[in-house]
Structures are given as C-alpha cells and as structure tokens.
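Colleague: Give me a model of this one.
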Amino acid sequence: MIPQQFIDDLLRRVDVVEIVGQHVQLKKAGVNYSGLCPFHTEKSPSFTVSPTKQFYHCFGCGAHGTALGFLIEHLGMPFPQAVEELARRVGLEVPRQAPPGDPQARKRETDQRARLKDYLLEAAKFYQRRLKDAPHAIDYLKGRGLSGEIAARYHLGYAPDAWQSLQSVFSDYQNRDLVDAGLVIEGEADKRYDRFRDRIMFPILSGRGEVLGFGARTLGNDEPKYLNSPETPVFSKGFELYGVFEARPAIREARQVWVVEGYMDVVALAQHGLGHAVATLGTATTAQHIQQLLRLSDRVVFMFDGDAAGQRAAARALETALPFASEQNRIDFAFLPQEHDPDSFVRAHGAEALRSWASNAKPLSAWLLELAGAGQSLEIAEGRAAAVAEAKRLLAMMNAGPLRSQIMREAARRFDVEDFGVTPAAQPGAARDARGWGDRPRASSGESGRFSRPVIRPLAERLLQILVRAPDWARRVDRDIAASLDDGQGALLDWILQRLAPDGKTSFAALHEAALAEGRERGSDAVRLFIRLAQPDAALDELADGPVQPFQEEFERAISRLRLRTLEEQAARLANLAAQDPMALGELQQVRETIRLLKAGTPPQ
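Modeller: This is a model prediction of the structure:
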C-alpha cells in the first residue's frame, strides 16, 4: 500500500495546471484556467482548473479530480502507475507500507483481494478458450446476431457442461479462495463443483479492466436464465455496471450513456454500433450506479421495457436519481414497445430507429409529473390534491435549484394549485419520515444520545461542506457540536480528523484522492458523504479560491448556531428532568446563562 501521507505530500508538490496543461490547451481566466474538456466534445470551454484547490472540474460533463485523478481518468493509468508518474516528475521515490489498522489483518485482506482477481482473470481466460471449442455456444451467439469481433471485445466465454471443469485450471481445486471468488460452490460432505455450467459467460470488469465477477446466460430455457456471481470481497451488484470498461470511449464520443437491463442488450447494441450502453446487474438502480453514470456522462438515458414491470423499474430508478438530478445533467427515460427489449428492437428495426427512440425519451421532469398524476382523476379536486401530494413527495427528494423550481412551476400549472411549497430536499440514502424530511423524527425531551433534527441537519451539512474544502478547521469543532451530528455526519468529521497531518494540515485535493482510493475498496458512508458534499458549489468554490475571511465568517456562524441549538436542546432535557429532580436546577441555570451570553454575542467563560 502507498501511504496516504505520501500521496498528500505528492499532491502538494505537483501542479495540476502543469499536468493538465500538457494535454489540454488552457487559458488564464481570473484566478483559474479554462479550456475545452478532454472528457467530452464541446465547442465552448466549460473545463476549469483551479491552482488554489489543485483541482479540475468540467461544468459540462461533471468530470472532476486532482492531478492524480487526471492521469487515471484521461490517460487510463492504473492508480499505482499514476502515483509513480507524478512522483517521478517531482523527484520522489514511492514508499510502501502495510495498510492502517491491524497491519497483518489488512495485509491479508489486500492480498486476498489481489488473489481473487487473479483467479477470476484465469477463469475468464479459460472460459474464452472453451468458447472456441463449443460449436453449439458459437451457434447460439451467431443466432443472436453477434460477431466474433464483438464476442472478443466483451471477452465472452463458455462454461463447459461439467461439474468440475475449473479443476483443469486450478490445480488446488480445494483452495478456499475459489469459493470466496464465487467460482466454486461447496456442497454436502465438502464436495465442490463449478458454479457456472453450460452457460455463456459475460465477464464483469471494473472501470480499470479488472475481472470482478461474471454474468452467465443459459443456452436454453433453464432457470434461472441469468446467473450472477455472488457478493464477494471484490464484487457487489449494487456498485458495478456491466460494460463500463468497454463502453467508455463510445460514451465520450456519443456524449451520453444508455442504461439497459441485460448483458445481451449491451453486446447486441454494440454489435449495431451503439457501444455506449451499460447494464445493471439484475438489481434495481442504486445511488452508487447513478453516481457512476453521471461521472461517465452528463446525459443518461434509461431504457426500459414498456410493460408493467418496466414501468415499476423506471419509477424506482426515478426516485434513486432524484437527489442527483440538476440543471447540469440530463436524465431521461425511454420505454420500448411492450413486445421488445433493446436487443430485439435493434435487431428488428436497426440502430437509427433506436437512436430516434432514445432522442424522444421522457425527461426526468416529465416522468416525475406523469408518475405523480398516475391513476388520479385530475378533473376533480380530490384527484388533483392526491397528485400534488405525490409530486411534493418526489420533489422533496431533489436538491433545491433551478431544475426543481421549474418542475414545481410545471406541477402547479398542471395540477391547478397556486402555492406549491416543498419541504427541504432530502439527501441520497437518508431515511425519510412522513413529512418528507431527510431525517428521523425529532427526539422527545426525555431522549438522549445522537439523533438527527430537521433544524440542525441542513446547518450541520453546510458546516461539513465548508470543512471538506478547508479541512484544517476540523479541529475547531468541539465535542458537543460533534455529538449533535447524526451518525453519517459524525463519521465524516471523524474521517477528516483522522487524515489531518501531525501539524494539523491537509488539503481538499488530498482528501478527495483519499476518498476515491477508499471508494475503490467499497467506500464507507463517510466517504460517500464526502464525495457528495465535495461536488462543485459555485459560492463555496469561489470563496475557497478567493479571500478566506468571508469563508471563515460563515464557518464561525455555523459553529455558533450549532452550539446554540445543542444548548437549547440540553436545556429542554434538563427542564424536563428538573420537574422530578431539583438537583438538575443548578445545571439548568448554568446552561440558560450560557445561552443568554451566546445570544448576546458574549463568549461564555
């Protein structure tokens, strides 16, 4: 493992403007530099590089990162190689260390992940070789309209119809790693057999081309028709998309990504020159999927079958996508005729017909309003009221901004209401109570411990938005305020504190790289919250690039308000306790005096 401290130091030494400027023609634009984005085709510059934050961001496609991230995303370098390249440029030697925590345990975990990927790669090569020796499997793929070129591009293979065919690949067939990789199943009496038999094999690759698992399709009508690798230390269906590695160049060229439901859909579309499609892995669309899709392109088109099941899947995808929808991206929903999926449609009608269908897809705004009014009689007040209530529920999942405001106006017009107020936007992954807040209900005065509060959560989140850009200030958050944060917010504060250097210093760029590194290893809730809060914010980013004073004043105000809210809740609990225990009166008076001084602007002694 490369020590995080070395990566932090490396990012302080390199100049992101210099690194990016070798591949993009940059021009000075105020305190920043701008140019045409290298990640998508554009005519006017929307790509900005900040020498202050040592960070790049494209306001067109959403691509963003540090100098290290640029080498990985633009040049396709593996993470270790990118670190080596930057270190070479500034004359440093890359050190290695055992992972943090229990060094031996983390080393074993890291070593196991590397072994599992090696085993999965060897299995993929074996399945590819066996496809050449399986005429009935080749005939099946030809019957689906696939060429040998497409089969090779997507590394398709064939799992022989035998119980232990992998024994010819792995001499130690009893190795526990084969089970942990999802290749082998342990049956009764410790008997083992291959998980995949007599199936077309679709290797599932990471964005860097590593084999993480497999999808497998039967050649006949056996059930299940599709069989996926199980959850393993290197594979999780909720995090991965099929075809990302193969589709990345086509996505950049098409300036959009299509999301379909099956492996065969992806390869069939690629066969017809539509290589910018990826697929979910037999599971509902997750927040992690949406984040990955929007990193690939700012235009996402979901393609669903037109039947009832497709409508239900599209409704779930909409709710998952709402927290990420904004005026900076476009998320559409295309519904194919009921008798077709993307594979059959493109074979029956051709690529241009499917392109036309996708270009006429429903925008997220239209699909939201259609769902809100579905099944309601809009000609009567009761039906319109029910539609308004559902529209408010959906809109509460969105972040405030121009897109949400536009949808609110359209909903008010369509459902004939004047006041279309919506409760504050919920956040991705947050539990929502009946009022639409992204919080648990307010705790009663007799409760104690950490809990979320509708008043405090937005303020605390704003504080954390500042901290991810000025992490050196994290140590100024005292214990009482930290205790007022909910579990996810508190975990993020702890995560930032753990990554401060001994001198209390670190940088936004260094934290961002640490978050991406952990994200590659199944990032925690704290890491996912960091990545969301680190998304570009025009006001905060301007302050971060300019004078610190207004930035610091907002931070101090947030600290004071959180401290005041915390003390007010403490006073409410003590007042309730004092009714039964007069000994609590003294502490209650002290807390009330502290509140009075804070409100008067006098720091308590």
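
Colleague: which residues in the stretch 201-350 of the chain form helices?
Modeller: Assigned helices in the stretch 201-350 of the chain, in chain order: 244-254, 263-271, 287-296, 308-321, 342-349 (criterion: DSSP state H, counting those that start in this stretch).

Colleague: residues making contact with the fourth one?
Modeller: In this case it means helix 308-321. With CB atoms under 8 Å, 6 or more residues apart in numbering as the test, helix 308-321 has contacts from 261, 284-287, 289-290, 300, 302, 304, 331, 333, 335-336, 364, 367-368, 371, 394, 397. For every residue, glycine as well, the C-beta is placed using N, CA and C.

Colleague: Sort out for me which of the residues you listed are in strands.
Modeller: Members of the contacts of helix 308-321 lying in strands (criterion: DSSP state E): Val300, Phe302, Phe304, Ile331, Phe333, Phe335.

Colleague: Among the contacts of helix 308-321, name the buried ones.
Modeller: With burial judged by 16 or more other CB atoms under 10 Å, the buried subset of the contacts of helix 308-321 is 261, 285-287, 289-290, 300, 302, 304, 331, 333, 335-336, 364, 367-368, 371, 394, 397.

Colleague: follow-up on the earlier one: JSON lines for the helices of the stretch 201-350 of the chain, including distance to Glu210?
Modeller: Converted to JSON lines, the helices of the stretch 201-350 of the chain look like this (distance: least, CB to CB, whole Å):
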{"stretch": "helix 244-254", "distance to Glu210": "9"}
{"stretch": "helix 263-271", "distance to Glu210": "18"}
{"stretch": "helix 287-296", "distance to Glu210": "15"}
{"stretch": "helix 308-321", "distance to Glu210": "26"}
{"stretch": "helix 342-349", "distance to Glu210": "26"}
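
Colleague: Turn these into JSON lines, including mean pLDDT and distance to Ile481.
Modeller: As requested, the helices of the stretch 201-350 of the chain are exported to JSON lines (pLDDT from 0 to 100; distance: least, CB to CB, whole Å):
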{"stretch": "helix 244-254", "mean pLDDT": "93", "distance to Ile481": "40"}
{"stretch": "helix 263-271", "mean pLDDT": "95", "distance to Ile481": "48"}
{"stretch": "helix 287-296", "mean pLDDT": "86", "distance to Ile481": "28"}
{"stretch": "helix 308-321", "mean pLDDT": "89", "distance to Ile481": "32"}
{"stretch": "helix 342-349", "mean pLDDT": "93", "distance to Ile481": "51"}
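
Colleague: Select, out of those, the one closest to Ser236.
Modeller: With CB to CB as the measure, helix 287-296 is the member of the helices of the stretch 201-350 of the chain nearest Ser236 (8.6 Å).

Colleague: start to end distance for stretch 16-26?
Modeller: 12 Å (CA to CA, to the nearest Å).

Colleague: what about the stretch 451-600 of the chain, any weak spots by pLDDT?
Modeller: Scanning the stretch 451-600 of the chain with the threshold set as pLDDT under 70 gives 451-458, 484, 501-505, 517-523, 536-551, 578-579, 582-584.

Colleague: Among the ones in strands among the contacts of helix 308-321, which pair sits farthest apart?
Modeller: The span of the ones in strands among the contacts of helix 308-321, defined through CB to CB, is set by Val300 and Phe335 at 15.2 Å.

Colleague: Assign Gln112 to helix, strand or coil.
Modeller: Following DSSP: H, G, I helix; E, B strand; the rest coil, Gln112 is assigned to helix.

Colleague: now the nearest residue to it once chain neighbours are set aside: how far from Asp111?
Modeller: Of all residues not flanking Gln112 in the chain, Pro233 sits nearest, at 6.4 Å (CB to CB, 6 or more residues apart in numbering). Using CB to CB, to the nearest Å, Pro233 is found at 11 Å from Asp111.

Colleague: Could you check which of those two has the larger neighbour count?
Modeller: Neighbours were counted for Pro233 and for Asp111 using other CB atoms under 10 Å; Pro233 has more, 17 against 10.
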